[in-house]
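**Student:** Could you work out the structure for the sequence below:
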Amino acid sequence: MEKNIHTIISPVMGTFYRSSSPDALPLVEPGQSVKPEDVVCMIESMKIFTEIRCGQTGVVKKILVKNEEPVMKNQALMEIALGEK
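**Tutor:** Sure, this is the predicted structure:
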């Protein structure tokens, strides 16, 4: 793992969503600046949607999961390059 990379991990098993609704734009794109409080994706588990926040300041480097793909608890979802704006 790179030193200045923050990996966002899924807290639950479920389905990964890049947007808050089917007709909405993705919450983040690679290259986009993010702040700790920014919601970067959603995980749906048993009909409950969990907002996943960035937790760090940086730039979205990679989105590691495709939209609507199943994810496991503790699976890496995104990489954030820290300290970039």
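**Student:** remind me which residues of the protein are low pLDDT?
**Tutor:** By pLDDT under 70, the low-scoring segments of the chain are 1-2, 84-85.
**Student:** Tell me which stretches of it form strands.
**Tutor:** Along the chain, the segments classed as strands by DSSP state E run 5-9, 14-17, 33-34, 39-45, 48-53, 58-63, 70-71, 76-82.
**Student:** and the last one, which strands flank it?
**Tutor:** Based on DSSP bridges, the pairing partners of strand 76-82 within the sheet are strand 5-9 (antiparallel), strand 58-63 (antiparallel).
**Student:** would you put the C-alpha positions of the last one in PDB?
**Tutor:** These are the backbone C-alpha positions of strand 58-63, laid out as PDB (Å, rounded to 0.1, in the frame of the first residue of the first chain):
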ATOM      1  CA  GLY A  58      -7.400  14.400  -1.000                       C
ATOM      2  CA  VAL A  59      -8.200  13.400  -4.500                       C
ATOM      3  CA  VAL A  60     -10.100  10.300  -5.700                       C
ATOM      4  CA  LYS A  61      -7.300   8.200  -7.300                       C
ATOM      5  CA  LYS A  62      -9.200   5.000  -8.200                       C
ATOM      6  CA  ILE A  63     -12.700   3.500  -7.800                       C
END
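**Student:** buried ones in it?
**Tutor:** 58-61, 63 (16 or more other C-beta atoms under 10 Å). C-beta here means a position set from N, CA and C on the backbone, and glycine is covered the same way.
**Student:** do stretch 74-85 as well
**Tutor:** Neighbour-count burial for stretch 74-85 [16+ other C-beta under 10 Å]: 75, 77-81.
**Student:** hey, C-alpha coordinates of that stretch in CSV?
**Tutor:** Once non-C-alpha atoms are left out, stretch 74-85 reads as follows in CSV (Å, rounded to 0.1, in the frame of the first residue of the first chain):
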residue,chain,number,x,y,z
ASN,A,74,-13.8,-4.9,4.6
GLN,A,75,-13.4,-4.9,0.8
ALA,A,76,-11.5,-1.9,-0.6
LEU,A,77,-13.8,0.4,-2.5
MET,A,78,-11.7,3.5,-3.5
GLU,A,79,-8.3,5.0,-3.1
ILE,A,80,-7.8,8.6,-2.1
ALA,A,81,-4.5,10.4,-2.7
LEU,A,82,-3.9,12.3,0.5
GLY,A,83,-2.7,15.9,0.6
GLU,A,84,-3.7,16.6,-3.0
LYS,A,85,-6.2,19.2,-4.0
